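S.K.: Sharing a model that was predicted from the sequence below.
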Amino acid sequence: TPGAFYDGRRLVAVDGFVLDLTDSEANRNTFGRPKNGTSFGASPQARIVALCEVGSHVFFNFQIKPLRCGEATMAKHVYRALPEKSLLLFDIGFCSTELMTTVIDGNSDFLGRSKWNRCFKKFEVLSDGTYLSKIYATDYDRVHDRNGTTVRVIEYTLDDPERVGHQKSHRLLTTLTDEKAHPAEALILLYHER
């Protein structure tokens with residue numbers, strides 16, 4: 001399928017979404033209804049976290065839970081089905097060291113968006129302006145530079161009025177650290193395929 005692979009890696013995206021369900025007693029008991037402090041929503045809702053092949057749009061693993069369950073917690077279980085030698089694309093909500101380590105331990109790579117308030121020390125600036133940094137399991141490890149995993153950081157600003165995020169700065173993290181083999185511009189465009 002066109003767009004299903006990048007450099008021999010299966011392109012997979014992870015995302016979460018919420019579905020409104022039929023308002024039945026069984027659904028209310030299983031999933032509950034959303035609450036905004038003083039009142040309940042009109043119908044029960046389910047949270048879904050899914051792995052999707054980017055080229056074919058096939059959901060090949062997903063988990064359905066009550067709305068109160070968090071996406072990152074659900075992703076831990078969904079990532080077990082990530083095929084080896086994949087390139088996982090994820091958004092900010094899935095940017096945790098634990099989840100990224102799970103991808104690496106599964107013999108795959110990732111390309112995902114990170115928050116701007118996350119600390120990344122520049123260990124080496126690469127020829128294209130991207131830089132190598134490390135992710136750590138704990139703040140103590142980060143402060144003492146222990147047990148870090150090297151990642152590449154790509155920072156850019158979208159200059160396309162037709163795209164969401166126009167004129168905003170973005171930061172991507174990836175395990176694809178070779179800037180010659182994986183140019184920043186190609187990875188930026190690839191990320192937006194998710």
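M.R.: Perfect, thanks for sending it.

S.K.: Quick check: which ranges of this structure have low pLDDT?
M.R.: 165 (pLDDT under 70).

S.K.: separation between residue 130 and residue 177?
M.R.: 9 Å (C-beta to C-beta, to the nearest Å). For every residue, glycine as well, the C-beta is placed using N, CA and C.

S.K.: who has more neighbours, the two?
M.R.: Taking other C-beta atoms under 10 Å, residue 130 and residue 177 do not tie; residue 130 has more neighbours (23 against 15).

S.K.: Is residue 110 in a helix, a strand, or coil?
M.R.: With DSSP: H, G, I helix; E, B strand; the rest coil as the basis, the three-state label of residue 110 is strand.

S.K.: so it makes contact with residue 90?
M.R.: Yes. Contact criterion C-beta atoms under 8 Å: residue 110 and residue 90 qualify, at 6.6 Å.

S.K.: what's the first-to-last distance across stretch 20-32?
M.R.: 11 Å (C-alpha to C-alpha, to the nearest Å).

S.K.: Now name the helix or strand holding residue 119.
M.R.: According to DSSP states H and E, residue 119 maps onto no helix or strand at all.

S.K.: Tell me where the longest strand sits in the chain.
M.R.: strand 9-20 (DSSP state E).

S.K.: residues in contact with it?
M.R.: When contacts are defined by C-beta atoms under 8 Å, 6 or more residues apart in numbering, strand 9-20 is touched by residues 3-5, 42-55, 67, 71, 74-75, 78-79, 82-83, 85-91, 93-94, 108-109, 190, 193-194.

S.K.: now swap in stretch 116-136 and tell me
M.R.: With C-beta under 8 Å, 6+ apart as the criterion, stretch 116-136 contacts 95, 97, 100-101, 114, 142, 145-155, 169, 171, 173, 177, 179-180, 183-184.

S.K.: Return the subset of these lying in strands.
M.R.: 149-155, 169, 171, 173.

S.K.: I'd like the distance from the residue most central in space within the chain to residue 166, if you could.
M.R.: Nearest to the mean C-alpha position of the chain, by C-alpha atoms, centre = their mean, lies residue 90 at 2.0 Å. To residue 166, residue 90 is 21 Å away according to C-beta to C-beta.

S.K.: For residue 130 and residue 177, list the residues in contact with both.
M.R.: With C-beta under 8 Å, 6+ apart, residue 130 and residue 177 have common neighbours residue 152.

S.K.: related to what we said a few turns ago, tell me the contacts of the residue nearest to the residue nearest to the centre of the chain when sequence neighbours are not counted?
M.R.: Nearest residue to residue 90, sequence neighbours excluded (C-beta to C-beta, 6 or more residues apart in numbering): residue 112, at 3.8 Å. Contacts of residue 112 were listed using C-beta under 8 Å, 6+ apart, and they are 88-92, 94-95, 100, 172-174, 191.
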